[in-house]
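Asks: coords please:
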Amino acid sequence: MSDSDSILAYETANAIEAHALVAFLANEGVEARVLGEALQGAFGGIEAGTLDTIEVWVAAADRAKAEPLIEQWRQEYDEPKA
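Replies: As a prediction, the model looks like this:
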């Protein structure tokens with residue numbers, strides 16, 4: 001999957017969650033990858049706005065299949081927003 005044929009599907013501040021989602025999507029036949037993980041430790045706990053966000057990208061061809069799976073993931077695993 002190249003950058004030009006992939007779309008941002010999910011954002012989190014938790015690398016474990018991002019990798020778990022990628023594994024969940026892979027089990028459903030959706031190609032996905034994690035980006036931004038290396039930047040998370042670069043700020044040493046300093047609030048860095050969106051720079052410490054970890055992203056899950058999926059192949060553009062898998063968008064229609066990925067969207068309901070990601071929505072299912074959100075409903076099961078996302079923490080309620082205050």
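Asks: tell me the helix or strand right after the helix or strand of the chain with the lowest mean pLDDT.
Replies: Using mean pLDDT, DSSP states H and E, helix 37-40 stands out as the lowest-scoring helix or strand of the chain, at a mean of 68. The first helix or strand that comes after helix 37-40 along the chain, using DSSP states H and E, is strand 54-59.
Asks: so which residues make contact with the helix or strand following that next one?
Replies: Once strand 54-59 ends, the next helix or strand along the chain (criterion: DSSP H and E) is helix 63-77. The contact list for helix 63-77 (C-beta atoms under 8 Å, 6 or more residues apart in numbering) reads 7, 9-10, 17, 20-21, 24-25, 28-30, 32, 58. Yep, even glycine has a C-beta here, placed from its N, CA and C like the rest.
Asks: tell me which of those residues fall in helices.
Replies: Cross-referencing the contacts of helix 63-77 against helices under DSSP state H gives 17, 20-21, 24-25.
Asks: what's the burial count for Ala18?
Replies: 24 (other C-beta atoms under 10 Å).
Asks: for it, what are its contacts?
Replies: Taking C-beta under 8 Å, 6+ apart, one finds 10, 12, 34, 37, 54-56 in contact with Ala18.
Asks: separate out the buried members of the residues you listed.
Replies: Neighbour-count burial (16 or more other C-beta atoms under 10 Å) applied to the contacts of Ala18 gives 10, 12, 34, 54-56.
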